[in-house]
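Novice: Sequence and predicted model, in that order:
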Amino acid sequence: MKNFLKTTDFSRPEIEAIFDLAGKFKSGEVKEKYLDGKSVALVFFNLSLRTRASMQIGVYDLGGNAVILEPGGTSWALEHRDGAVMDGDKTEHLKEFVEVLERYTSAIGVRTFANLQDWEEERLDPILSAFEKYSTKPVINLESAMHHPCQALADMLTIRERFGKRKKKVLLSWTWHPKPLPMAVPNSFALAAAQFGHDLLIAHPKGYELDGELMREIETYTADNGGSVEISNDIDSAFENIEVVYAKSWGASQFYGATEKDAEFRAGLRKDWIVDETKMKKTNDAIFMHCLPVRRNVIVTDGVIDSANSLVIDVAENRLHIQKAIMAKLIK
Ligand code: CP
């Protein structure tokens, strides 16, 4: 049994095999029903379009049955802390939730965002870790506080489709956003880019640094795979000669516990950090990528997202193919 909680849970050869199978699902060359007679639980603590639809359809395509559960919505509110006195609004402990589900299903997919309240606690991914602790079946991370590995592999597959195996100059650019946001997507994108040996430039205003431990991991994978990683706080020069622009807003650890009304957070809104036509003209005819959903004319202008270089819909399609390949690998 193996979980998929972050991209580094798979080695490069394992990811190459997943890419190969995803490509064969996409072309129609492989139609094998890897999940024939099996069920997969998909647990959503948060909203979703792409992840929910692509996982449900992916399980169906593989001949299986998806059971969607929404704790606190259409299923009981869950307590995940060990030893908790459950005299509040949480009706069921995650331990029983998992132990019951695994009697019915062959794997559990989990979406559980950061609550953006307590950085030191949430950077340890407590809810996803509880699923990992209690489940004897594979757990698939469908976006947690710290990682969105299915998204990152779909991102890397999309870059591979466009450019082949050559390493590229890749920009992960912070963008402004009216609300504090989690870090899972930039964390996983940067880590996966390091695994693939790309030359990665991470651009963000001061104060929006990614987690220090994660950065050390990114540096290790970069060194091992022949790539490079640099940080820039200068939006104007960051786009020069770039071949892949990946835009994403993310929160700062200092703003965990803040709301969009917080004066310091509002003062830090940098509306010049938007991907627009002027910045894209500085690139080496770069493709534009974003995980979606995206706020138009906040994160990216209409002109860029609607341009021929925008691959946002291709990325979303690749979520389906890559997740089918991940499930085929994990669920035997
Ligand atoms: N990119 C992504 O995970 O989209 P959803 O939040 O709609 O699932």
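Specialist: Everything's here; your move.
Novice: who's in contact with residue 36?
Specialist: 62-64 (CB atoms under 8 Å, 6 or more residues apart in numbering). C-beta: built from backbone N, CA, C; applies to glycine.
Novice: again, only using 6 Å
Specialist: Counting by CB atoms under 6 Å, 6 or more residues apart in numbering, residue 36 touches residue 63.
Novice: ditto for the one 4 residues further on
Specialist: Going by CB under 6 Å, 6+ apart, residue 40 touches 59, 64, 66, 105, 107.
Novice: for it, helix, strand, or coil?
Specialist: When classified by DSSP: H, G, I helix; E, B strand; the rest coil, residue 40 comes out as strand.
Novice: Residue 22 touches residue 320, doesn't it?
Specialist: No: contact status for residue 22 versus residue 320: not in contact, 8.9 Å apart, counting by CB atoms under 6 Å.
Novice: who's more crowded, these two?
Specialist: Set residue 22 next to residue 320 and count neighbours by other CB atoms under 10 Å: residue 22 wins out with 25 against 20.
Novice: How is the chain partitioned into domains?
Specialist: 7-147+318-331, 151-315 (automatic domain parsing).
Novice: With distance to the ligand as new columns, can the contacts of residue 40 be given to me in CSV?
Specialist: Formatted as CSV, the contacts of residue 40 follow (distance: CB to the nearest ligand atom, whole Å):
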residue, distance to the ligand
59, 15
64, 20
66, 14
105, 20
107, 18
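Novice: from those residues, which single one is nearest residue 114?
Specialist: residue 107 (23.3 Å; CB to CB).
Novice: Do the lengthiest helix in the chain and the ligand come into contact?
Specialist: The longest helix of the chain (DSSP state H) is helix 312-330. No: residues of helix 312-330 are not located near the ligand by CB under 6 Å from any ligand atom, the shortest gap being 7.1 Å.
Novice: related to what we said a few turns ago, kindly reformat the contacts of residue 40 as a markdown table containing secondary structure.
Specialist: Listed next are these as a markdown table, based on three-state DSSP:
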| residue | secondary structure |
| --- | --- |
| 59 | helix |
| 64 | coil |
| 66 | strand |
| 105 | coil |
| 107 | strand |
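Novice: Fine, thanks again, bye for now.
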